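Enquirer: any chance you can model this:
(2 chains)
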Amino acid sequence: MTGTTILIMLAVLLPVIFITAITPIITRRTEAFGVTIPEEVKSGAFVASHIKRYIGICILLGVILLVSLYVVLNGQSNENVIAWSYTGGILLYMLVTFIAYYTSHTAIKSWKQQQPWYHEQIAVQRIVVQTSFQPKRYVISPLWYIPHLLLIAFTTAYSLIRYDDFPDVLPMKYDFSGQVTSSVEKSLQSVLMLSFIGLAIVITFLISHYAIVKSKQIVESHDPQGSLERNRIFRFTWSIYTGIAGFIVVMIMCMGQLTPLQLWTPNDFKIVTAVGIGFVVIGAMILSIKLGQGGSRIVLRDPKQEASINNADLDKYWKAGIFYWNPQDPAIFVEKRFGVGWSMNYANPLSWIIFIGILLIVLVPTFLLNM
Amino acid sequence: MFLAIDLQSDVPIYTQIAESIIEGIAKGELVKGESLPSVRSLAVDLGVNLHTVNKAYHLLKQEGYVQINRKQGVIIEPNAFPSADNTFTQRQQQRLKPIIAEAICRGMERDEIIAMLDEVYGQLKG
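Expert: Residues are numbered from 1 along each chain as shown, chains lettered A, B, ... in the order given. From the prediction side, this is the model:
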């Protein structure tokens, strides 16, 4: 492999490293490494030193990852070595940063039990919810996904009309330099493959939309009204993002399907793909930083109404601070404790059905493709 | 309205939910005809069993504070609440008895107890 290709491959990793490193800052102020703490404790010396340590480790490991990948990939021509070292490197990075997270998680968990505020916090396990109907919208309407479906329908119809104009052999896989490495014979199935994948993607994005709608309310202890409003802005913005990101991905799929018809050059398609994916990734980064988990980084114009309510400490249901396992809770979608976004209550069988459903939706078209 | 429950309390959760809603009505935070969250959504937000919320709602219905209908879900009774008739005042007296008895055991005087009642009243209808 040569200079530019390697640089692009390494540049793609920068957002991953960056988001991993800043995760403890963009989580809620009442959570540190998956442990519930009073808000003022998070900026205290002990937790702050753990956050600093974690960020340092993530950045250092990121630099090591980039440098070693550069050394391995430079001049490398064996496709297998390239693919394995790249994915292996990323997986190793995720594993080691997880270990760094986990050591901080256990350290803070045991430290917490020796704090003077611990018994006070554990004595009252209060949960607060807002019961009133909310006049403002929490998410965009699912009708915004109609354009996605129309685009797929149009692409499918157009592909069928111009079926005869597709070349007899269709490119299926490309290597990193853009050369076709595998191709299939033309058939109805192979021509329309990306339509089906696009449809699967729309379903997955609709499930994400549904998760944003249905996820559990979190009312923060010190500012119930304000935290609800921040959460509303958070959900609303992410639902817009999900709709737009879904449209971009569907657009790439549709464009890919029609590329063999030479309406545009493969190079045009490559540029649109790169710009589209870049937009999706950078958009997610900006939103994560600007809004924070649950909207915790949003600054509201109205001054906050102070009210002291101690929040329930659900640490025992958060395995390793990451996996929510609470058989008593009927909720399926819950806010992540470490990171931005939503996770599931794995004690609920429905969560597993949804999880497997998503896997099937993504895997079945890919499987059909390789048949 | 903000509905709060305490998972560590000895008071059953369904009682806490029902009492919290009655308190909301007394304070004027919940108005007549206002809809309450569905059983499922309240259970999800509180992280408690669906039956617990269902039980609380049925208790409130029995007492005449809410209506449960298929179309609108659970709403605060839009018409008049049941009046404080003889049976009701007798029951409230029964309920107050252990509370006041305890206060007497701890040496509280009549005036202090009345002042306490007055203060609680003020918190609800201040």
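Enquirer: going along the chain, name the helices of chain A.
Expert: A:3-26, A:39-42, A:45-73, A:79-112, A:117-123, A:146-161, A:188-214, A:224-258, A:266-291, A:349-369 (DSSP state H).
Enquirer: adding mean pLDDT and mean neighbour count, write those helices out as CSV.
Expert: Glycine gets a C-beta too; all of them are placed from N, C-alpha and C. Below are the helices of chain A laid out as CSV (pLDDT from 0 to 100; neighbours: other CB atoms under 10 Å in any protein chain shown):
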stretch, mean pLDDT, mean neighbour count
helix A:3-26, 89, 16
helix A:39-42, 80, 16
helix A:45-73, 94, 16
helix A:79-112, 93, 15
helix A:117-123, 76, 13
helix A:146-161, 96, 15
helix A:188-214, 91, 19
helix A:224-258, 93, 20
helix A:266-291, 92, 15
helix A:349-369, 85, 13
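Enquirer: among the ones you listed, which comes closest to residue B:114?
Expert: For residue B:114, the closest of the helices of chain A is helix A:117-123, at 30.8 Å, according to CB to CB.
Enquirer: from the chain's centroid, how far away is the closest one?
Expert: 34 Å (CA atoms, centre = their mean, to the nearest Å).
Enquirer: what does it contact?
Expert: For helix A:117-123, contacts defined as CB atoms under 8 Å, 6 or more residues apart in numbering or on different chains pick out A:36, A:38, A:41, A:112, A:310, A:313, B:8.
Enquirer: of those, which count as buried by neighbour count?
Expert: A:36, A:38, A:41, A:112, A:310, A:313 (16 or more other CB atoms under 10 Å in any protein chain shown).
Enquirer: check contacts around the closest residue to the third one other than its chain neighbours.
Expert: What sits nearest to residue A:41 in space, not counting adjacent residues and going by CB to CB, 6 or more residues apart in numbering or on different chains, is residue A:47, at 6.0 Å. The neighbourhood of residue A:47, defined by CB under 8 Å, 6+ apart, consists of A:32, A:37, A:41, A:108.
Enquirer: same check, this time on residue A:43
Expert: Contacts of residue A:43 by CB under 8 Å, 6+ apart: none found.
Enquirer: picking up where we left off before, let me have the contacts of helix A:117-123 in a markdown table, adding distance to residue A:8 as columns.
Expert: Output for those, formatted as a markdown table (distance: CB to CB, whole Å):
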| residue | distance to residue A:8 |
| --- | --- |
| A:36 | 41 |
| A:38 | 45 |
| A:41 | 42 |
| A:112 | 44 |
| A:310 | 50 |
| A:313 | 46 |
| B:8 | 55 |
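Enquirer: ok, so of those residues, who is nearest residue A:293?
Expert: residue A:36 (13.3 Å).
Enquirer: so what does the closest residue to the closest one other than its chain neighbours have for phi and psi?
Expert: Of all residues not flanking residue A:36 in the chain, residue A:313 sits nearest, at 4.8 Å (CB to CB, 6+ apart). Main-chain dihedrals, residue A:313, degrees, to the nearest 10: phi -110, psi 100.
Enquirer: biggest separation within the contacts of residue A:47, which pair?
Expert: A:41 and A:108 (9.5 Å).
Enquirer: quick check: neighbours shared by these two?
Expert: By CB under 8 Å, 6+ apart, the residues touching both residue A:41 and residue A:108 are A:32, A:47.
Enquirer: so the residue nearest the centre of chain B is in which element?
Expert: Closest to where the C-alpha atoms of chain B average out (CA atoms, centre = their mean) is residue B:19, at 2.3 Å. For residue B:19, the host element (DSSP states H and E) is helix B:13-27.
Enquirer: list the buried residues for that helix?
Expert: Buried, per 16+ other CB under 10 Å, within helix B:13-27: B:13, B:14, B:16, B:17, B:18, B:20, B:21, B:22, B:23, B:24, B:25.
Enquirer: spit out the contact partners of residue 55.
Expert: By default, I'm working from chain A. With CB under 8 Å, 6+ apart, residue A:55 has these contacts: A:21, A:22, A:24, A:25.
Enquirer: oops, I was thinking of chain B
Expert: Counting by CB under 8 Å, 6+ apart, residue B:55 has contacts residue B:14.
Enquirer: quick one: contacts for residue B:9?
Expert: The contact partners of residue B:9, by CB under 8 Å, 6+ apart, come to residue B:16.
Enquirer: what does the model give it for pLDDT?
Expert: Among the per-residue scores, residue B:9 holds a pLDDT of 87.
Enquirer: how would you label it: helix, strand or coil?
Expert: coil (DSSP: H, G, I helix; E, B strand; the rest coil).
Enquirer: measure it to residue B:19 for me?
Expert: Noted for residue B:9: a distance of 11 Å to residue B:19, by CB to CB, to the nearest Å.
Enquirer: do the same with residue A:150
Expert: In terms of CB to CB, residue A:150 sits 52 Å off from residue B:19.
Enquirer: which helices and strands sit right next to the helix of greatest length in chain B?
Expert: Longest helix in chain B by number of residues (criterion: DSSP H): helix B:86-105. Packed against helix B:86-105 by the contact rule (3 or more CB pairs under 8 Å, 6 or more residues apart in numbering or on different chains; DSSP states H and E) you find helix B:110-124.
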